[in-house]
Structure formats: C-alpha cells, structure tokens
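Peer 1: 3D model of this:
(2 chains)
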Amino acid sequence: MRVTVRLFARLRDIAGAAELARDVAPGATIGAVWRELAGEFPELVPYERSISSAVNADYARMDDVVRDGDEIAFLPPVSGG
Amino acid sequence: MSGFSRTDRDLVYWERMTSLLAIGPDPLDLDRLVTAVGASAPAGADGAVVTFLGLVRNHNLGRIVRHLEYEAYEPLALKVFERIAGETRDRWPGVRLALHHRVGRMEIGEASVAIAAASPHRADAFAACRYAIERVKQIAPIWKREFFEGGDVWIEGATANPDDTGARSEAERVACA
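Peer 2: Got it, this is the predicted structure:
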C-alpha cells in the first residue's frame, strides 16, 4: 500500500519536504507510519507526544488503520490566531 | 463570451468574500464578515454584532518581531471552522459566526484573523466571539513562523485535539468570564 504523508511547519522543515510518498504494510496504523518517519528523521522524535494527525483532511487517532491512497498529515502544536 | 466570464469571476469573488468561513492569502476585511453574518438571519433580527481582529504585533516574548508567516492545512482548517461554528450554535443558540483566517506573509499591524458574531442579544455575541478565537488557537491546523531581530522560530502552542473536552470547557470558561 502507498500513502501520502503531509508535514507542516517545523515538521516540514525537519523532513525537508511538505509531502512524502511512503509504502506501508497492510493493517499499519498512523502511529506506525509516524514511527517509520521518526526513524528516518530523528529530530521528529521529540514531537511524538505533542503531534496531532489527520487522514484525508479529518482529525484522526494514532491507532487508526491507514488505507491505500490515504493522505496522512502530521501536525505539530498549532499557533493560529 | 467575455461578458459571461466576467460575470462568473464576479460571482466567484462574491461567494468567496461573503462566505461565513474562509481561509486564504487575501487581506482580511471585517466589513465582509459583518455583511456575511448579517445576511445569515432574517433582516432586523439581530441586536448585536461583536467583531474581533487579531493583529501582527511588533514584539513577542522580549523579541522584536519583523513579520510573520502563517501556513495552514487549509481543507482541515475549514472543517475546524465549521466545527467551531457548530459548537458556538450549540452553546449560544441564535448566534451566527463568520471566521476568516489569512495565510502567507503578514507585516506588523496587519490582521491575521477576523471574527464576527451576530446575535439577538449582545451578551451572547460577546461570549461567542471570544469562544471562537480561543477555539481557533486550540484546534485550527494553522502555524505562525515568527521572523524577529536575530532569527526566526515556528511558534508551537496547543496540541490540537478537537475531542479534548477540557480544552473546550476552558474556552467556554474564558468566554463567559
């Protein structure tokens, strides 16, 4: 399965890309996708406890299972307003 | 033919500028929000419109701020605005909300967010307007990067969790204080 990962703000700076394509195993959770990414970019690790996630532009939980073609977004703590 | 396309363009512009909820790079205009909330109820029913403008400030945490850059996950931000409008309606029936957030580079003094809350009664409009900005800060997927004298930094505030009832209660408490 292939998913698109969207990264914002400092997470995007750390990874050096706003969008990444990643292959994931069937049954993988959002959390598993995050851990793969954090393995690749160790500076992401400290965000483990403070990020939010979204699937296809809806807030999601880290234990939600991803599906082929999903757009998965990782969101650092927000600062709008 | 050109007449049709001009009409279409005007219509798109009108719809975008008069929508209750919006996010994009265009400068904010509070009058548009006031017009939009006013048009969302039968004429004459409102007794109050309370508005809020969030501005780019020239100082933050002892730093001299040069300008800000905002980015957003726009499709999710719009859904969050809808959620905030829904929460506001549930808590203060009769109140309608207009909420526009700007993204991109903004200079000192420019508005980054504009809110208008209309209601038959002023107390509800004041409370709803305050509630809306607190919720934007809690759960809208929007980030500001501060460019200050000597560097730049992404500002990181709340972990966005729309289902966190504690955060929602806190926004309501502040709104009604």
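Peer 1: Spatially nearest residue to the residue of chain B found nearest chain A, not counting backbone neighbours?
Peer 2: Using Cβ to the nearest Cβ, B:Ile142 is the residue of chain B that sits closest to chain A, at 2.9 Å. For the C-beta atoms, the positions are set from N, CA and C on the backbone; glycine is no exception. Among residues not flanking B:Ile142 along the chain, A:Gly80 sits closest, at 2.9 Å (Cβ to Cβ, 6 or more residues apart in numbering or on different chains).
Peer 1: Helices of the chain, start to end?
Peer 2: By default, I'm working from chain A. Assigned by DSSP state H, the helices in chain A fall at A:9-15, A:30-40.
Peer 1: Oops, wrong one, chain B.
Peer 2: Along chain B, the segments classed as helices by DSSP H run B:2-18, B:30-38, B:74-91, B:122-139, B:165-176.
Peer 1: now the first one: mean pLDDT?
Peer 2: Same thing as helix B:2-18. Averaged over helix B:2-18, pLDDT sits at 54.
Peer 1: Likewise for the fourth one?
Peer 2: Model confidence over helix B:122-139, given as mean pLDDT, is 98.
Peer 1: Check the third one too.
Peer 2: Confidence over helix B:74-91 (mean pLDDT, whole number) is 97.
Peer 1: Can you check what angle separates that helix from helix B:122-139?
Peer 2: Regarding helix B:74-91 and helix B:122-139, their directions subtend 150 degrees when assessed with axes from the mean of the first three to the mean of the last three Cα atoms, to 10 degrees.
Peer 1: Any buried residues in helix B:74-91, and which?
Peer 2: For helix B:74-91, the neighbour count (16 or more other Cβ atoms under 10 Å in any protein chain shown) marks B:74-81, B:84-85, B:87-88, B:91 as buried.
Peer 1: Same list, the residues you listed, but only the ones touching chain A.
Peer 2: For chain A, the contacts drawn from the buried residues of helix B:74-91 by Cβ under 8 Å from any Cβ of the partner chain are B:75-77, B:79.
Peer 1: Please work out how many residues are found near the residue nearest to B:Ile142.
Peer 2: 28 (other Cβ atoms under 10 Å in any protein chain shown).
Peer 1: likewise B:Ala114?
Peer 2: 23.
Peer 1: so it bridges to which residues?
Peer 2: Going by DSSP bridges, B:Ala114 is paired in beta bridges with B:Leu53, B:His100.
Peer 1: who touches the closest residue to A:Ala17 other than its chain neighbours in this structure?
Peer 2: Distance criterion Cβ to Cβ, 6+ apart; nearest residue to A:Ala17, sequence neighbours excluded, is A:Leu7 at 6.9 Å. A:Leu7 sits next to A:14-15, A:17-20, A:73-74 when contact means Cβ atoms under 8 Å, 6 or more residues apart in numbering or on different chains.
Peer 1: one more time with 7 Å, if that's ok
Peer 2: Residues counted as contacts of A:Leu7 (Cβ atoms under 7 Å, 6 or more residues apart in numbering or on different chains) are A:15, A:17-18, A:74.
Peer 1: same question, A:Val33
Peer 2: Counting by Cβ under 7 Å, 6+ apart, A:Val33 has contacts A:3, A:5, A:22, A:24, A:66, A:72.
Peer 1: Out of the residues you listed, the closest to chain B would be?
Peer 2: Comparing the contacts of A:Val33 against chain B with Cβ to the nearest Cβ places A:Ile72 closest, at 11.6 Å.
Peer 1: I'd assumed A:Val66 was in contact with the closest one.
Peer 2: Yes: A:Ile72 lies in contact with A:Val66 (Cβ atoms under 7 Å); the separation is 6.2 Å.
Peer 1: Just the ones of the contacts of A:Val33 in strands?
Peer 2: Using DSSP state E, the subset of these located in strands is A:3, A:5, A:22, A:72.
Peer 1: Make TSV from those residues and add pLDDT to it.
Peer 2: As requested, the ones in strands among the contacts of A:Val33 are exported to TSV (pLDDT from 0 to 100):
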residue	pLDDT
A:Val3	98
A:Val5	98
A:Arg22	96
A:Ile72	98
